[in-house]
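> Compute the structure for the input listed below.
(one chain, ligands or ions: 1)
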Amino acid sequence: MLGKVFVTRPIFQETLETLRQEIDLDANPEDRILSKTELIEKLSGVDGVISLVTDTIDREVLERSTKLKVVANFGVGFNNVDVDTATRLGIAVTNTPGVLTETTADFAWTLLMAAARRIAESARFVRAGKFKAWGPKMMLGYDVFGKTLGLIGLGRIGQAMARRARGFNMKVLFYDTETIPGNVVQELGVEPAPLDELYRRSDFISLHVPLLPVTQHLLNDETFSMMKPTCIVVNSSRGPVVDEKALVRALKNRKIAAAALDVYESEPHIEPELLEMENVVLAPHIASASYETRARMSSMTAENALAVLKGRRPPNLVNADAWDRRRR
Ligand code: DGY
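Numbering: from 1, shown residues only. Just a heads-up that it's a prediction; the model follows:
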């Protein structure tokens, strides 16, 4: 056996079977978030952990896991892991990029359409028995075709959004702190714009940035006030990128028209007023949740964990600096 791995919550059975063939596996059978104390206890003496976005793998957890060699996180985002501490301790951190790009973009597009055409509200209306007759002004929404989409973040998922926007003949503005190669910009037919210009010109704004100190509360009272009153904001990235209280104010004061959210500032808590607003589409952090994609994300966690335990550089290492000083 290569060592011991703990899986914090149920993942795909095939992944557990793959792992069981090579390592001593301890898989939590209960689908609940472990407390910090439980996590520390479970990680003492293990060589690897397969963690989820709901597990806070912070400095204390890492420092007390003295044998830990790999944190294989289930997700492209890894803001739940203190990567700096992991790097200092020589613990590899891995994620599951690439496989969820199209699935997440499909979902962000679904949110955009749902908010523009009031799908969630219409479903509630019909189910409540309120649909009595067709009406020329019933449930009017906003056109998507031909409008301007502002993408904040033009990484893999942002680019997949831009490709979808072409089919809707949209003008696409983007902002990214990274330099996007000219051929990509040209191929996608997108236009770079400073953030304040993007806020002012966009009919739809979709967020595709990781959660970092600089992206926390990127959308706030000031930025909402720059947007068109008809603007629709879509967030499928990370909740804290939007100041949720400011979003409530922006919606109440008609600074923007609607919002569609898959992620929240303190999940699973949601600002109570958002739950009451008809012009807000809410989903439970499921942008990557297709059968195919979640199965692939699951198997990638095993590939990453097993690689580290075999002494090989894992395919999706996020902290390259940890590798030279890795624990053996
Ligand atoms: C991701 O992949 O980051 C999803 O949000 C699930 O964690």
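> Could you report the pLDDT at the closest residue to the ligand within the stretch 151-300 of the chain?
Residue nearest to the ligand within the stretch 151-300 of the chain: Ser288 (5.1 Å; C-beta to the nearest ligand atom). Glycine gets a C-beta too; all of them are placed from N, C-alpha and C. Listed pLDDT for Ser288 reads 98.
> Go ahead and confirm it touches Gly75.
Yes - if you go by C-beta atoms under 8 Å, Ser288 and Gly75 touch, sitting 7.4 Å apart.
> neighbour count winner among these two?
Remark: of Ser288 and Gly75, Ser288 carries more neighbours, 25 against 19, as counted by other C-beta atoms under 10 Å.
> Leaving out sequence neighbours, find the closest residue to the more buried one.
Nearest residue to Ser288, sequence neighbours excluded (C-beta to C-beta, 6 or more residues apart in numbering): Leu100, at 3.9 Å.
> In contact with the one you found, which residues?
Val76, Ala287, Ser288, Thr293, Met297 (C-beta atoms under 8 Å, 6 or more residues apart in numbering).
> Could you list the buried residues of the top helix by length along the chain?
Looking across the chain with DSSP state H, the single longest helix is helix 291-309. Going by neighbour count (16 or more other C-beta atoms under 10 Å), the buried part of helix 291-309 is 293-309.
> three-state assignment of the residue lying farthest from the centre of the chain?
Centroid-distance maximum for the chain: Ala133 at 39.5 Å, with C-alpha atoms, centre = their mean. Following DSSP: H, G, I helix; E, B strand; the rest coil, Ala133 is assigned to coil.
> ok so, going back, mind listing the shared neighbours of Ser288 and Gly75?
Here Ser288 and Gly75 have Met297 as joint contacts, going by C-beta under 8 Å, 6+ apart.
> burial count for the residue lying closest to Ala160 once chain neighbours are set aside?
Nearest residue to Ala160, sequence neighbours excluded (C-beta to C-beta, 6+ apart): Ala105, at 3.5 Å. Neighbour count for Ala105, taken as other C-beta under 10 Å: 23.
> got the contact list for Ala105?
Ile157, Ala160, Met161, Arg163, Arg164.
> Ok, Leu89 next?
By C-beta under 8 Å, 6+ apart, the residues touching Leu89 are Leu62, Glu63, Leu68, Ala322, Arg327.
> Enumerate every residue touching the second one.
Put plainly, it is Glu63. Contacts of Glu63 (C-beta under 8 Å, 6+ apart): Thr85, Leu89.
> That one falls within a strand, correct?
No - counting by three-state DSSP, Glu63 falls outside a strand, being helix.
> Which pLDDT value goes with it?
For Glu63, pLDDT reads 98.
> any idea how far it lies from Gly90?
Between Glu63 and Gly90 the computed distance is 12 Å (C-beta to C-beta, to the nearest Å).
> mind listing what the host helix or strand of Phe6 pairs with, with the direction of each?
Per DSSP states H and E: Phe6 is located in strand 4-7. Paired strands of strand 4-7, with direction, are strand 24-27 (parallel), strand 48-52 (parallel) (DSSP bridges).
> Could you pull up the contacting residues of Val49?
Val5, Phe6, Val7, Thr8, Lys42, Leu43, Ile57, Ser65, Leu68, Val70, Val71, Ala72.
> again, only using 7 Å
Val49 makes contact with Val5, Phe6, Thr8, Leu43, Leu68, Val71, according to C-beta atoms under 7 Å, 6 or more residues apart in numbering.
> Which pair of these spans the longest distance?
By the measure C-beta to C-beta, Thr8 and Leu68 form the most distant pair in the contacts of Val49, at 12.9 Å.
> out of everything not next to it in sequence, what's closest to Phe224?
Excluding the flanking residues, the one nearest Phe224 by C-beta to C-beta, 6+ apart is Ala250, at 3.6 Å.
> One more: Leu34?
Thr8 (6.0 Å).
> what's the neighbour count on that neighbour?
24.
> Over to the closest residue to Leu261 other than its chain neighbours: give its phi and psi.
Take Leu261 and drop its neighbours on the chain: the residue closest to it by C-beta to C-beta, 6+ apart is Asn235, 5.0 Å away. Its backbone dihedrals place Asn235 at phi -130, psi 110, with angles given as degrees, to the nearest 10.
> how about the residues of this structure that lie near the ligand?
Val53, Gly75, Val76, Gly77, Leu100, Ser288 (C-beta under 6 Å from any ligand atom).
> Apply 8 Å and report the result again.
Residues of the chain found near the ligand (C-beta under 8 Å from any ligand atom) are 52-53, 73-78, 95-96, 100, 104, 238, 263, 285, 287-288, 297.
> Drop the exposed ones from those residues and show what's left.
52-53, 73-78, 95-96, 100, 104, 238, 263, 285, 287-288, 297.
> Can you list which of the residues of the chain next to the ligand are found in helices?
Using DSSP H, the residues of the chain next to the ligand in helices are Thr104, Met297.
> where along the chain do the helices fall?
Using DSSP H, the helices of the chain run over 13-22, 36-43, 59-64, 83-89, 101-116, 119-127, 156-167, 182-188, 195-201, 221-226, 244-252, 272-276, 291-309, 321-324.
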